[in-house]
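Chemist: Attaching a predicted model along with its sequence, questions to come.
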Amino acid sequence: MSTAPPPPRLPVRRSKRAVLAPLVALVCVVALAACAGPPRGAADGTDASFVLSAGTAGAKGDVDSFSWAVYAEPPTLDYTMAFDYPQNTILANVCESLMRWTPQLTLEPGLARRATNPDPLTWVYDLRPGVRFHDGRTMTADDAVFSLDRQRDPKNAAAWAQNFENVSAVRKTGPLQVTVTLKRPDSQFPQYMATAAGVVASRAGVTAAGPDYGTSGGLACTGPFSLGTWRKGQSLELRRFDGYWGTRAKARKVVFRFLTDASARTNALLRGEADGGYLIPTESYERLRHSGAGTLYFGEGLSTVNLGITDMKGPLGDVRVRRALSLALDRPGFVHAGLGGAGRPTSSLTTRAVWAGAPPGVREAAFGQLPATGRDIGRAKALVKEAGATGKTLTVATSSIGQDVSLLATAVQAAGTEIGLRVTLKSVAPNAFTALFTDPAAREGIDAFPLTYYDSITDPLDFLTNFKTGAYLNFSGFSDKAYDALTERATATYDKEQRLGVEARLQKYAAEQLPWIPVAEWPTALFLNKRLTGAPTTISYMYYPWAAGIGAARPGTAP
Amino acid sequence: MNLLDFLRFAARRTTEMVLTLLVASFVVFGAMYLAPGSPASFLLSGRSASPEALAAVNARYHLRDPFAERYLHWLGDMVRGDFGRSLTYRTEVSRLLADRLPTTLLLTVMALVMVVAVGLVLGRIAAVRGGATDTAVLLATTLAVGTPSFVAAVLLQGLFSVRLGWFPSSGAGDGFLDQVWHLALPSVALALYLIGMLARVTRTAMLEALDSEHVTVARARGVPERLVIRRHVLRNALGTVLTTGGLIVSTLLVCTILVETAFSVGGIGQLLELATTTKDFPTVQAVSLIVVGLFMAVNLLVDLALPLVDPRITLGTRGAAL
């Protein structure tokens, strides 16, 4: 079983290596109606009808075109800026990277047919020959060097710059060979080459577009689709690229429609104005499920919902208080109300899916000794008392930005009150809520706030590294030498099994120290109407050309 | 009214408008400056940026310059028609506006036409017919005035789009007719409140006029009732109605934000909402100023038109005439 990603709405910034990004939209009349229904679902908060799918059935034939709902318009499709759901969901079909994430969230060769590391400081990428860009040119090592250097150039302020911090040089070492030299071994770097960080675009194409690259004209990439008409504020079209080196896409055209309002998005799906979409608003699960218009699927995600601790100088500075709060939280209640029943209570900061490659022993080490997700009010009360925190006040930020945020804040308040803490909620406007992630000044006077985080790669370290001393999302300034040392060891270890072993220790450590309090795993949601099938259900849609597989659900409907 | 007076009045009002715009520009600029969250942190999308990247961003967008310098710099650019470059969209703000303004203008004009046509007619019918008709109009307008545009949007979508399937639930359409079809529900949602308001204003103004002496005199002189209504009552009431024009336009402009978002129309209102969220201040500033400018331009036109409609009103005495 597993996990999941979040429904966003307003762009919440992806941070550092991955992102947070919750959101969803204003609760509308419909949502209220849905919430008001009788309680349903299993005892752990998971909805009875919530089942994870490995994928959807393969397409039976081609379609002329289909339309897809996205919750926001990408500001730009420049791959160096692609750090949020809308841009990556679209870009994944247009631009390809050196490596590729599969629908099963594993790594395979992409534009590089092979990646080797002859020594710990060197990664050599042998490029696939005869790959054509949308602008008609053929891919060479020069294009790859140019594309990666754009990420590293401080003047570009690229969203992925941080993933290149250990890179000292990117050089062409053959007509179709690129060598990346590192300052220190970095086990995460080769994995990031499957995200937008590893995109290869045509040097000539990008240079010709100049400052307009990504905002108009073509993207000069290699994917199964090329960029078509972009009607700003409305929609964006992708056209099948006939010169594609891989498997031809099943649809001739894909139209992405920008539907910022959750209710408008749901209506468009119900009416067939959009044939499908990812990141379905939780409030709409019930309506879509029972509409008869199509199928609502859930798939593996790499997202967890957490209570992010922002201040260790207050009562939460005592680990006993953090543990008490974790013990008192009604996780199933939150999953039911906040995630529409589609999720799983967890006491782990990382998702189970992100450990998919780990041997059983390592998984056992990572998850076996974690505290239960059930409540123990008696013990929690005792811990608060022991810490001398009874009657102390906590301030938790909340926002109307999404149901997940406001309901978790409320759950924390309820839990705190029950164990002798005073929890006040501070309501923050949606735009200011986003600032909590980026601006220390905005976090002043706040002890904790709900946040959803997703990994961009299938490695637990992607998340766990956030609690290293001085890490960007380490809001509370959590600092522990042993933790830092383990993080560095994991970063330097290329051997996956060994690395996961170190990460299991990190995970256990984080679960004891609770720099953030984990609450639930959140799966991805996908809606497809009856006409279509063939989309992956996992969060792979961020960096895998998912649209290429979508086609007719029934044979004989080809154009 | 002589031409010279009129020109002098127009010049004075235009100067006032420019001064007001200047003050507005300062307020708009200052507000974004004071709002929480640094634009640089949004620009760098929440990553821990290297000092070089931060310096590059700060230099490119003049984020570290003193406030006065930044304001004057920006004002100078605005006057020259350069709205700057959007921080999130990485493109000229003027291009963002050019892409989205037509949609918002069409939406606003459609709503305005509905407000004027339906609002005036309802108000007139209620005042002239009285009785049950009046009560029905009063009830309907109470409902309309009491329904915020975003609630109307949800209700209209649910009924006419999802249930009946007559209209699209979102988007702005392609080509003129398709656009009108797509914008039909949004413009109704936008117009509803104002139709109610205008109908009530018209009704009250006409009832007052109906009560006035010159109407009694006209009737006594045997002037046909239709002429009395058109020449004396409606014309007298028009001044009041026109005066609410400014209010109507400002409400329309403000409510486009809610309605465009609810229907994902992709116009200026929606752009403003998104830009505010991401602290894309060049875009917010430009859109806010344009909205303020449009609003003031409409007010100016109303002021200039009033004396033409009602000769008793002299230039610039609109307040007194009320």
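Modeler: Perfect, I can see it now.

Chemist: burial of the closest residue to chain B within the stretch 101-250 of chain A, as a residue count?
Modeler: Per Cβ to the nearest Cβ, A:G233 is where the stretch 101-250 of chain A lies closest to chain B, at 2.9 Å. C-betas here are computed from N, CA, C, even on glycine. Residues within reach of A:G233, counting by other Cβ atoms under 10 Å in any protein chain shown, total 24.

Chemist: what do you get for B:T88?
Modeler: B:T88, neighbours per other Cβ under 10 Å, totals 23.

Chemist: What of B:E260?
Modeler: Using other Cβ under 10 Å, B:E260 has 30 other residues around it.

Chemist: Show me where the stretch 1-150 of chain A has its strands.
Modeler: Ranges of strands within the stretch 1-150 of chain A are A:14-15, A:18-20, A:63-70, A:99-101, A:107-109, A:112-119, A:122-127, based on DSSP state E, counting those that start in this stretch.

Chemist: just to revisit the earlier point, which secondary structure state does the residue of the stretch 101-250 of chain A closest to chain B sit in?
Modeler: coil (DSSP: H, G, I helix; E, B strand; the rest coil).

Chemist: Hmm, it is touching B:T261, no?
Modeler: No. Between A:G233 and B:T261 there is no contact under Cβ atoms under 8 Å: 11.6 Å.

Chemist: Common neighbours of the two, please.
Modeler: By Cβ atoms under 8 Å, 6 or more residues apart in numbering or on different chains, A:G233 and B:T261 have these common neighbours: B:Q270.

Chemist: Longest strand of chain A, counting residues only.
Modeler: In chain A, taking DSSP state E as the definition, the longest strand is strand A:294-309.

Chemist: Can you give me the buried ones in whichever helix or strand comes after it?
Modeler: Next helix or strand after strand A:294-309 toward the C-terminus (DSSP states H and E): helix A:319-328. Across helix A:319-328, burial judged by 16 or more other Cβ atoms under 10 Å in any protein chain shown covers A:R320, A:V321, A:R322, A:R323, A:A324, A:L325, A:S326, A:L327, A:A328.

Chemist: and helix A:319-328, what does it pack onto?
Modeler: Contacts defined by 3 or more Cβ pairs under 8 Å, 6 or more residues apart in numbering or on different chains; DSSP states H and E place helix A:319-328 against helix A:377-386, helix A:403-418, helix A:496-513, strand A:516-529.

Chemist: next SSE after that helix?
Modeler: Trace forward from helix A:319-328 with DSSP H and E and the next one is helix A:331-338.

Chemist: tilt between that next one and strand A:294-309?
Modeler: 130 degrees (axes from the mean of the first three to the mean of the last three Cα atoms, to 10 degrees).

Chemist: Can I get helix A:331-338 as CSV, trimmed to CA atoms?
Modeler: Taking Å, rounded to 0.1, in the frame of the first residue of the first chain, the C-alpha atoms of helix A:331-338 are listed here in CSV:
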residue,chain,number,x,y,z
ARG,A,331,-4.3,10.7,12.4
PRO,A,332,-7.2,8.6,11.0
GLY,A,333,-9.6,11.5,11.7
PHE,A,334,-7.3,13.8,9.7
VAL,A,335,-7.0,11.4,6.8
HIS,A,336,-10.8,11.0,6.6
ALA,A,337,-11.6,14.7,6.8
GLY,A,338,-8.5,16.3,5.4
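
Chemist: Backbone dihedrals for A:D480, both of them.
Modeler: Main-chain dihedrals, A:D480, degrees, to the nearest 10: phi -150, psi 120.

Chemist: Check whether it really touches A:Q513, as I assumed.
Modeler: Yes. A:D480 is within contact range of A:Q513, at 7.0 Å (criterion: Cβ under 8 Å).

Chemist: Which residues are in contact with each of those two?
Modeler: Common contacts of A:D480 and A:Q513, defined by Cβ under 8 Å, 6+ apart, comprise A:F467.

Chemist: burial of B:P224, as a residue count?
Modeler: Counted with other Cβ under 10 Å, residues neighbouring B:P224 total 10.

Chemist: Retrieve the pLDDT associated with it.
Modeler: Predicted confidence (pLDDT) for B:P224: 82.

Chemist: cool, and A:T398?
Modeler: Listed pLDDT for A:T398 reads 93.

Chemist: what's near enough to touch the spatially closest residue to it that is not a sequence neighbour?
Modeler: Distance criterion Cβ to Cβ, 6 or more residues apart in numbering or on different chains; nearest residue to A:T398, sequence neighbours excluded, is A:A409 at 3.5 Å. Counting by Cβ under 8 Å, 6+ apart, A:A409 makes contact with A:V396, A:A397, A:T398, A:L425, A:F449, A:P450.

Chemist: make it 7 Å
Modeler: Taking Cβ atoms under 7 Å, 6 or more residues apart in numbering or on different chains, we find A:A409 in contact with A:V396, A:T398, A:L425, A:P450.

Chemist: Filter those down to the buried ones, PyMOL style.
Modeler: Here is the PyMOL command that selects the buried residues among these (16+ other Cβ under 10 Å):
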select buried, chain A and resi 396+398+425+450
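
Chemist: Quickly check the contacts of A:A409 for the two that are furthest apart.
Modeler: The span of the contacts of A:A409, defined through Cβ to Cβ, is set by A:L425 and A:P450 at 10.7 Å.

Chemist: quick check: angle from the longest strand of chain A to helix A:319-328?
Modeler: 160 degrees.

Chemist: how about B:L271, secondary structure?
Modeler: Reduced to three states by three-state DSSP, B:L271 is helix.

Chemist: List the contacts of the residue in the stretch 101-250 of chain B that chain A sits nearest to.
Modeler: Nearest to chain A, among the residues of the stretch 101-250 of chain B, is B:S169, at 3.9 Å (Cβ to the nearest Cβ). Listed by Cβ under 7 Å, 6+ apart, the contact partners of B:S169 are A:A264, A:N267, A:A268, A:R271, A:E273, B:Q157, B:S161, B:V162.

Chemist: Sitting in strands, which of these do you find?
Modeler: Filtering the contacts of B:S169 for strands - DSSP E - leaves nothing at all.

Chemist: how about the buried residues of helix A:319-328 in TSV, adding pLDDT?
Modeler: Shown next, in TSV, are those (pLDDT from 0 to 100):
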residue	pLDDT
A:R320	96
A:V321	96
A:R322	96
A:R323	95
A:A324	96
A:L325	96
A:S326	96
A:L327	96
A:A328	96
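
Chemist: Tell me which two of those residues sit farthest apart.
Modeler: Applying Cβ to Cβ across these, the maximum distance is between A:R320 and A:A328, 12.5 Å.

Chemist: Just give me the neighbour total for residue 108.
Modeler: With no chain named, the answer covers chain A. A:E108: 11 surrounding residues under other Cβ under 10 Å.

Chemist: wait, I meant chain B there
Modeler: Considering only other Cβ under 10 Å, B:T108 is surrounded by 23 other residues.

Chemist: element containing it, please.
Modeler: B:T108 belongs to helix B:93-129, assigned by DSSP H and E.

Chemist: What's the mean pLDDT across that helix?
Modeler: 88.

Chemist: what's the spacing between the very next helix or strand once past it and its chain's center?
Modeler: Later in the chain than helix B:93-129, the nearest helix or strand by DSSP H and E is helix B:131-145. Relative to its parent chain, helix B:131-145 has a centroid offset of 25 Å by Cα atoms, centre = their mean, to the nearest Å.

Chemist: Can you name the residues of the stretch 151-300 of chain B sitting close to chain A?
Modeler: The interface of the stretch 151-300 of chain B toward chain A, taken as Cβ under 7 Å from any Cβ of the partner chain, is made up of B:154, B:157, B:161-162, B:165, B:168-172, B:261-264, B:266-267, B:270-271, B:276-278.

Chemist: I'd like to know how far A:A59 sits from A:T493.
Modeler: 40 Å (Cβ to Cβ, to the nearest Å).

Chemist: okay, and the helix or strand of the chain with the least pLDDT?
Modeler: No chain in the question, so chain A it is. The least trusted helix or strand in chain A, going by mean pLDDT, DSSP states H and E, turns out to be helix A:29-35, with a mean of 29.
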